[in-house]
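Visitor: Sequence and predicted structure, then a few things I'm wondering about:
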Amino acid sequence: MHGLMMQGQLTLTGIMRHAQENFSTREIVSITADNPRHRYTYGEAFERAGQLASALQKLGAQPGDCIGTLAWNDHRHFELYYATSCSGLVCHTINPRLFTEQIAYIIQHAEDRWLFIDPAFVPVVESIAASLPGVKGFVILCDQAQMPATTLRNTICYEALLTGEPSGFSWPELNEQSAAALCYTSGTTGNPKGVLYSHRAMTLHTYGVLMPNAFSLQEYEAVMPVVPMFHVNAWSLPYAAPVMGAKLVLPGPKMGCGETLCALIQEENVNVAAGVPTVWLALLQYLRETAQEVPSLQRVIVGGAACPWSIMQEFEKRHGVYTHHAWGMTEMSPLGTFNGWLPENIQPQERRRRRLKQGRAAFGVEMRIVDDSGKRLPHDGIAFGALQVRGPWICERYFKSEASALTTDGWFDTGDVATIDADGYLGITDRTKDVIKSGGEWISSIELENIAVAMPEIREAAVIGIAHEKWDERPLLVVVPTPGAAVDTTEILDRFHGKVARWWIPDDCLVVETIPHTATGKISKKDLRIQLADYRWPETLSA
Ligand code: ADP
């Protein structure tokens, strides 16, 4: 028997309408290339999104067309999110930090009709323009006065495009299964793959991230996504914030700048912020060096890479800020797990152990770990295996691929190796391709890195497996020192004793000036391995 309830479509248009009805006076504050502090309301933002949708129709955009964006987090990018998706187009956010060949490949593969570009990214697009015959034209995200000189053909100024467009756009009623947005994975091997999000998946994901044991946003809060809007929809915050009426603070091109982040937090009363560990290292270093305070900030959501204990500690002890550890991936919209609040009465050791975990599954996500033969492993916090997931906001098939991305029994293999304990807490051990196998046993590089970055003289650390005659592979610790600190590598390795099994302790420690990062700001072990291709173990050299 069927239930007898209405068939309301779950679309991003619903989010827009809800915010227009309830929170039209709440603010969006942005830093843009042409304005150090742009400020307006959700009401104005959605009005302009309607004007943009109207302009896109006049430019000939047809339902289902992909519209590419190369842009930082700001109000114009926010308008693009809604103007495209809610008018039946697909918002294709492109990561401008990718290699130019990858950017060209992505634009061709998606068949982007128009590209909306921040002035700063015009040179990148100029360098590949010859390979983009399918793109009808380029809209530069600025006003007329800031229009850069460019060799791009058919360029339009964004503000000029909106001028004169009528207000009160009539948004179409969309099917919830229609595509809303497109984001390509970074493609560490082979070409990047497109994840095509539906309105339904993104709306359900927005409900999921807003739960009290997840982002838990409230009206009268101010949230700052320091995770780019060009990567996995800035973890859904541009949808979640208007649902709750939270103020949105967008740091534009200044996401890696501790000074700007500090100023935005202080001046806009930001109390929630989200980003990968590297941005928090930059903020914390700035706060330390300038003895500044961020009294409004209450919680920081850290994901995309394992959050070291040292970051959690410094936020909590110095600034009274609680860090929530989260895990996810492009193919998961991205939220998979979230480490919520812990009760006060948990012992410090247990507290630390739990908070270092990536958290529990968001409601909507199911998880399992399996061995090499696909057999389910116990959720006992000890057994580790390939992490697989399923749920309504998880990718089933990559864009334009005929093949399913799932296992024969319908799970998505995340490419991560993990443990899950009896309380459902996920512990990511490594990415499958970064796992270190020594004498047939796995060593978790993440756990070793956590220990290393807790040492005051280490700013950043990566552990990679290096071929070893006897053990197949042994861990090598690579560290970037804290500015001005002296590093004694023998002493550093000594400090691992008692913290992990003896055979886990790295065989050597290398001090370097920088560690390579991926286009999404994470440590790139692939590039580090290439950089250290000539590395030999000390005993091999002396032998
Ligand atoms: P890319 O790194 O290629 O841009 P994603 O942003 O989708 O792709 O990254 C997803 C991956 O990032 C996960 O599969 C996992 O390996 C890693 N990751 C994400 N969050 C965490 C976390 N909290 N702890 C450890 N690893 C994480």
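Guide: Good, I have the coordinates.

Visitor: Contact partners for residue 512?
Guide: Contact partners of residue 512, counting by Cβ atoms under 8 Å, 6 or more residues apart in numbering, are 478, 479, 480. For every residue, glycine as well, the C-beta is placed using N, CA and C.

Visitor: Enumerate every residue touching residue 41.
Guide: Residues in contact with residue 41 (Cβ under 8 Å, 6+ apart) are 24, 25, 26, 27, 28.

Visitor: Against residue 29, how distant is it?
Guide: 10 Å (Cβ to Cβ, to the nearest Å).

Visitor: how about the residues of the stretch 101-250 of the chain near the ligand?
Guide: For the stretch 101-250 of the chain, the residues in contact with the ligand (Cβ under 6 Å from any ligand atom) are 185, 186.

Visitor: Which members of the contacts of residue 41 are classed as buried?
Guide: Buried residues within these, defined by neighbour count using 16 or more other Cβ atoms under 10 Å: 24, 26, 27, 28.

Visitor: how many other residues sit next to the residue nearest to residue 60 when sequence neighbours are not counted?
Guide: Once flanking residues are discounted, residue 60 sits nearest to residue 136: 7.1 Å by Cβ to Cβ, 6 or more residues apart in numbering. Counted with other Cβ atoms under 10 Å, residues neighbouring residue 136 total 16.

Visitor: Residue 136 reaches residue 154, doesn't it?
Guide: Yes. In this structure, residue 136 is within contact of residue 154 by Cβ atoms under 8 Å, at 6.8 Å.

Visitor: one step back: save the buried ones among the contacts of residue 41 as a markdown table, and put in distance to the ligand, pLDDT and secondary structure too.
Guide: Listed next are those as a markdown table, based on distance: Cβ to the nearest ligand atom, whole Å; pLDDT from 0 to 100; DSSP: H, G, I helix; E, B strand; the rest coil:
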| residue | distance to the ligand | pLDDT | secondary structure |
| --- | --- | --- | --- |
| 24 | 33 | 98 | coil |
| 26 | 29 | 98 | coil |
| 27 | 29 | 98 | strand |
| 28 | 25 | 98 | strand |
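
Visitor: quick one: which of those is nearest residue 254?
Guide: Of all the buried ones among the contacts of residue 41, residue 254 sits closest to residue 28, with 16.0 Å by Cβ to Cβ.

Visitor: quick one: low-confidence parts of the protein?
Guide: The chain contains residues with pLDDT under 70 at 187-189, 540-543.

Visitor: who in it is up against the ligand?
Guide: For the chain, the residues in contact with the ligand (Cβ under 6 Å from any ligand atom) are 185-186, 303-306, 325-330, 358, 414-416, 428, 431, 518, 520, 522.

Visitor: Now the residue in the stretch 351-500 of the chain positioned nearest to the ligand: which helix or strand?
Guide: The ligand sits closest to residue 428 of the stretch 351-500 of the chain, with a gap of 4.0 Å, by Cβ to the nearest ligand atom. If you go by DSSP states H and E, residue 428 is part of strand 426-431.

Visitor: So which elements touch that strand?
Guide: Using 3 or more Cβ pairs under 8 Å, 6 or more residues apart in numbering; DSSP states H and E, the elements in contact with strand 426-431 are strand 412-420, helix 445-453.

Visitor: Please parse this protein into its domains.
Guide: 12-374, 434-542 (automatic domain parsing).

Visitor: how about the strands in the stretch 151-300 of the chain?
Guide: 155-157, 179-184, 194-198, 222-225, 247-250, 272-275, 299-302 (DSSP state E, counting those that start in this stretch).

Visitor: Pairing-wise in the sheet, spell out the partners of the closest residue to residue 447 other than its chain neighbours.
Guide: Excluding its sequence neighbours, the residue lying closest to residue 447 (Cβ to Cβ, 6+ apart) is residue 500, at 6.6 Å. Counting by DSSP bridges, residue 500 is bridged to residue 497.

Visitor: which residues does residue 500 contact?
Guide: 447, 448, 451.

Visitor: Weed out the non-buried ones from these.
Guide: Applying 16+ other Cβ under 10 Å to those flags 447, 448, 451 as buried.

Visitor: and residue 57, what does it touch?
Guide: residue 87.

Visitor: Quick check: which element contains it?
Guide: In the assignment (DSSP H and E), residue 57 maps to helix 42-58.

Visitor: Output that helix as CSV, restricted to C-alpha atoms.
Guide: What follows is helix 42-58, C-alpha atoms only, in CSV (Å, rounded to 0.1, in the frame of the first residue of the first chain):
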residue,chain,number,x,y,z
TYR,A,42,19.8,36.9,1.1
GLY,A,43,16.8,38.8,-0.4
GLU,A,44,19.1,40.8,-2.7
ALA,A,45,21.2,37.8,-3.5
PHE,A,46,18.3,35.7,-4.7
GLU,A,47,16.9,38.7,-6.6
ARG,A,48,20.1,39.0,-8.5
ALA,A,49,20.3,35.2,-9.0
GLY,A,50,16.9,35.6,-10.8
GLN,A,51,18.3,38.4,-13.0
LEU,A,52,21.3,36.2,-13.8
ALA,A,53,19.0,33.3,-14.7
SER,A,54,17.1,35.6,-17.0
ALA,A,55,20.4,36.8,-18.6
LEU,A,56,21.5,33.2,-19.1
GLN,A,57,18.3,32.4,-20.9
LYS,A,58,19.0,35.3,-23.2
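
Visitor: C-terminal to that helix, what's the next element?
Guide: Per DSSP H and E, the helix or strand that comes after helix 42-58 is strand 66-70.

Visitor: Outside of that next one itself, list whatever touches it.
Guide: Contacts for strand 66-70 (Cβ under 8 Å, 6+ apart): 56, 61, 77, 80, 84, 89-94, 96, 103, 107, 110-118, 121, 124-125, 135, 182, 229-230.

Visitor: same question, stretch 459-471
Guide: Contacts for stretch 459-471 (Cβ under 8 Å, 6+ apart): 278, 281, 434-439, 443, 445, 448-449, 452-453, 473-483, 506-507, 515, 523, 525, 528-529, 532, 535, 537, 540.

Visitor: Now, of the residues you listed, which are buried?
Guide: The neighbour-count test (16+ other Cβ under 10 Å) applied to the contacts of stretch 459-471 identifies 278, 281, 434-436, 438, 443, 445, 448-449, 452-453, 473-481, 506-507, 515, 523, 525, 528-529, 535, 537 as buried.
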